[in-house]
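> below are the sequence and a predicted model; questions follow.
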Amino acid sequence: MHKAFHQGILIIERLEDNGHEAYFVGGSVRDTLMNRIIGDIDIATSATPKEIQAIFPKTIDVGAEHGTIIVVTSEQESYEVTTFRTDGTYTDNRHPDTVTFVKSLEEDLKRRDFTMNAIAMTKNGKILDPFYGESDIKKSVIRTVGKATERFKEDALRMLRAVRFSSQLSFSVETDTLLGIQKDQALLEMVSVERKTMEMEKLLKGQGVKNALELLVTTGLHSFLPHLEEKGNHLREIATLPIYKLQSRSALWTLLVIVLEVDEVGCFLNSWKLPKKVTKAVQENLKVIEEVKLRGWGKEVIYRSGLEQSLEAQQVLNVLGWDKQGMSVHIHKIYNSLPIHSLKDIVFDGNDLINIAGEKRGKWIAMLYQDLELALIHEETQNERAALKEWVCNWLQKYDQNY
Ligand code: ATP
Ligand code: MG
């Protein structure tokens with residue numbers, strides 16, 4: 001078994017030693033069967049959250065009422081351990097009104113979304129697969145466990161998850177599951193934006209994104225995602241771009257805003273409930289890109305936005321095909337050649353300024369620093385005390401003449 005499971009095996013053994021059943025479940029089992037890189041390793045067990053907490057010295061309660069406890073191993077690795085459960089009815093199409101802990105693995109697997117995600121694996125690598133997920137994996141199809149429309153009524157997010165998995169795994173959606181999506185698409189409206197955002201980001205980064213976005217539009221699901229209702233054709237356009245080259249969330253959302261031709265960027269990003277940090281970075285990227293489209297990569301824009309932001313904006317330009325390959329080397333070169341990278345690098349501080357100009361405070365100080373930054377970047381003076389002193393005296397003289 002893959003090395004990643006080793007610590008997990010110890011957790012399963014501990015649970016078994018205490019008289020419980022425990023198995024690997026979900027994505028890690030699916031990915032093992034597909035020879036894909038494994039993400040998080042989840043464990044399902046007959047032990048209740050209280051029993052799990054009593055067995056392991058270090059645990060984190062992330063949702064004991066839903067049965068989930070994180071077990072932290074001696075190597076500081078975290079594993080989600082979830083009690084076998086069935087979900088009660090979903091009156092809001094979002095979350096189960098109740099969860100009931102159950103004793104059988106099969107009942108737990110039955111509440112899972114797709115057959116490929118409803119496979120369990122023992123600590124010895126034996127596969128338990130009551131819904132024939134392995135056969136569906138071999139056929140490369142995504143099929144709901146049980147009747148699609150019933151499962152989508154319970155939790156409408158599963159429709160978007162089907163499209164997300166089709167993107168990540170390059171699988172097709174089995175006919176009844178697809179018909180279910182077409183029929184129930186509007187239920188997606190009820191799902192919280194945060195859950196949609198997570199799935200959408202994974203969808204966009206999948207290898208099969210081209211077909212997945214086509215599927216998103218043809219099923220009509222896109223109409224129930226924030227501000228995408230009118231953007232079917234734009235989404236198809238995104239599908240033709242090498243999105244996988246983008247490394248960060250902010251780069252991804254910058255690309256979306258550009259290709260979707262979003263007018264009100266703040267409003268659009270807010271409606272997807274992105275963290276403030278991401279929203280801010282997207283807005284910075286857009287400013288940089290606008291500047292670069294007008295004037296190219298100059299010293300000033302690289303100085304103002306810094307190396308990281310410049311490279312991120314360049315990555316977006318590259319994906320859009322608006323920029324030449326190898327431009328990041330050029331940006332690095334310019335950045336490294338800058339005599340200063342921020343105000344802090346100027347070897348002339350507030351005290352020096354007071355010594356020359358006296359104690360008068362005022363907006364002139366900010367103006368002086370702005371001009372000084374530019375003068376240094378464009379090498380009109382040097383970042384060295386004598387030269388700076390001279391430059392400041394000249395500047396003050398001109399300032400006094402003008403104001
Ligand atoms: P990834 O590799 O992207 O993490 P995953 O299959 O592990 O994929 P998760 O979202 O982490 O997906 O969920 C873990 C498991 O929990 C799934 O494999 C599935 O069995 C179950 N699951 C998750 N979300 C749902 C849902 N909305 N409805 C039913 N089962 C779900
Ligand atoms: Mg997972």
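Sure, I can see it. Numbers count the residues shown, from 1 in each chain. Ligands and ions are numbered 1, 2, ... in the order given.

> tally of neighbours for Gly321?
Number of residues near Gly321 (other C-beta atoms under 10 Å) recorded here: 10. To be clear about C-beta, it is placed using only N, CA and C from the backbone, and glycine gets the same treatment.

> quick one: it from Ile258, how far?
Taking C-beta to C-beta, to the nearest Å as the measure, Gly321 falls 12 Å from Ile258.

> send me the one helix or strand Thr149 maps to as PDB with only the CA atoms.
Counting by DSSP states H and E, the secondary-structure element that holds Thr149 is helix 148-154. Output for helix 148-154, consisting of C-alpha atoms alone and laid out as PDB, is shown next (Å, rounded to 0.1, in the frame of the first residue of the first chain):
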ATOM      1  CA  ALA A 148     -29.900  10.400  -9.000                       C
ATOM      2  CA  THR A 149     -32.900  12.700  -8.500                       C
ATOM      3  CA  GLU A 150     -33.400  11.500  -4.900                       C
ATOM      4  CA  ARG A 151     -29.800  12.100  -4.200                       C
ATOM      5  CA  PHE A 152     -29.800  15.600  -5.700                       C
ATOM      6  CA  LYS A 153     -32.900  16.500  -3.800                       C
ATOM      7  CA  GLU A 154     -31.100  15.600  -0.600                       C
END
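
> tell me the buried residues in the next helix or strand after it?
The helix or strand immediately downstream of helix 148-154 is helix 157-169, counting by DSSP H and E. Neighbour-count burial for helix 157-169, with 16 or more other C-beta atoms under 10 Å as criterion, is recorded at 157-169.

> also stretch 113-132?
Applying a neighbour-count criterion of 16+ other C-beta under 10 Å, one finds 113-121, 123, 129, 131-132 buried in stretch 113-132.

> let me see the ranges of the strands in the stretch 1-150 of the chain.
22-25, 42-45, 59-63, 68-72, 78-83, 85-87, 99-101, 120-121, 127-128, 141-142 (DSSP state E, counting those that start in this stretch).

> give me the nearest residue to whatever residue of the stretch 1-150 of the chain ends up closest to ligand 1, chain neighbours excluded.
The stretch 1-150 of the chain approaches ligand 1 most closely through Gly27 (2.4 Å), counting by C-beta to the nearest ligand atom. Using C-beta to C-beta, 6 or more residues apart in numbering and skipping the chain neighbours, the partner closest in space to Gly27 is Gly39 (5.5 Å).

> is it true that that neighbour touches Val29?
No - with contact taken as C-beta atoms under 8 Å, Gly39 and Val29 are classed as non-touching, separated by 11.4 Å.

> more neighbours: which of these two?
Val29 (27 against 12).

> now do the contacts for that one.
Under the criterion of C-beta atoms under 8 Å, 6 or more residues apart in numbering, the contact list for Val29 reads 119-121, 127.

> tell me which of these is nearest to ligand 2?
Ile119 (13.5 Å; C-beta to the ion).

> skip the chain neighbours and tell me the closest residue to that closest one.
For Ile119, the spatially nearest residue (C-beta to C-beta, 6+ apart) is Gly133, at 4.3 Å.
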